[in-house]
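In: Structure for this input, please:
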Amino acid sequence: MAITMTDAAASRVRSFLESRGKGIGLRLGVRTSGCSGMAYVLEFVDELQEEDQIFDHDGVKIIVDSKSMLYLEGTELDFTKEGLNEGFQFNNPNVSSECGCGESFNV
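Out: From the prediction side, this is the model:
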């Protein structure tokens with residue numbers, strides 16, 4: 001399996017990287033946090049680490065470290081707009097429960 005992203009997510013990441021003016025791609029990871037135990041982390045990547053895995057969608061790179069990959073295998077990154085709200089959405093098949101506020105998850 002792999003990490004995938006929709007065309008909408010790839011377009012948004014590309015736009016962020018272009019306006020930033022540098023960067024290899026976007027890091028998708030997890031950290032311990034929130035009421036359900038884990039939270040997603042998104043950050044720009046300027047340098048790759050040895051354990052990084054790279055997933056490409058139409059020239060846009062998502063980088064995932066090996067520890068986070070255990071929780072993210074098969075995840076699809078999407079970007080949605082609903083009214084005035086917009087943001088990335090994580091379609092993660094490993095999630096067994098999420099907190100009510102949507103900030104954290106459990107596997």
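In: which residues does Lys61 form a beta bridge with?
Out: Listed beta-bridge partners, Lys61: Asp56 (assigned using DSSP bridges).
In: Surely it is in contact with Leu26?
Out: Yes: between Lys61 and Leu26 a contact is recorded at 7.3 Å, counting by CB atoms under 8 Å. Glycine gets a C-beta too; all of them are placed from N, C-alpha and C.
In: of the two, who's got more company?
Out: Each of Lys61 and Leu26 has its neighbours counted (other CB atoms under 10 Å); Leu26 has more, 24 against 20.
In: Helix or strand: which one has the more buried one?
Out: Applying DSSP states H and E as the criterion places Leu26 in strand 25-33.
In: Direction included, what does that strand pair against?
Out: Going by DSSP bridges, the partners of strand 25-33 are strand 37-45 (antiparallel), strand 60-64 (parallel).
In: can you list those in a markdown table and add mean pLDDT?
Out: What follows is the strands paired with strand 25-33, written out as a markdown table (pLDDT from 0 to 100):
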| stretch | mean pLDDT |
| --- | --- |
| strand 37-45 | 91 |
| strand 60-64 | 97 |
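In: Export those as a markdown table, with columns for distance to Glu51.
Out: Written out in a markdown table, the entries for those read as follows (distance: least, CB to CB, whole Å):
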| stretch | distance to Glu51 |
| --- | --- |
| strand 37-45 | 13 |
| strand 60-64 | 9 |
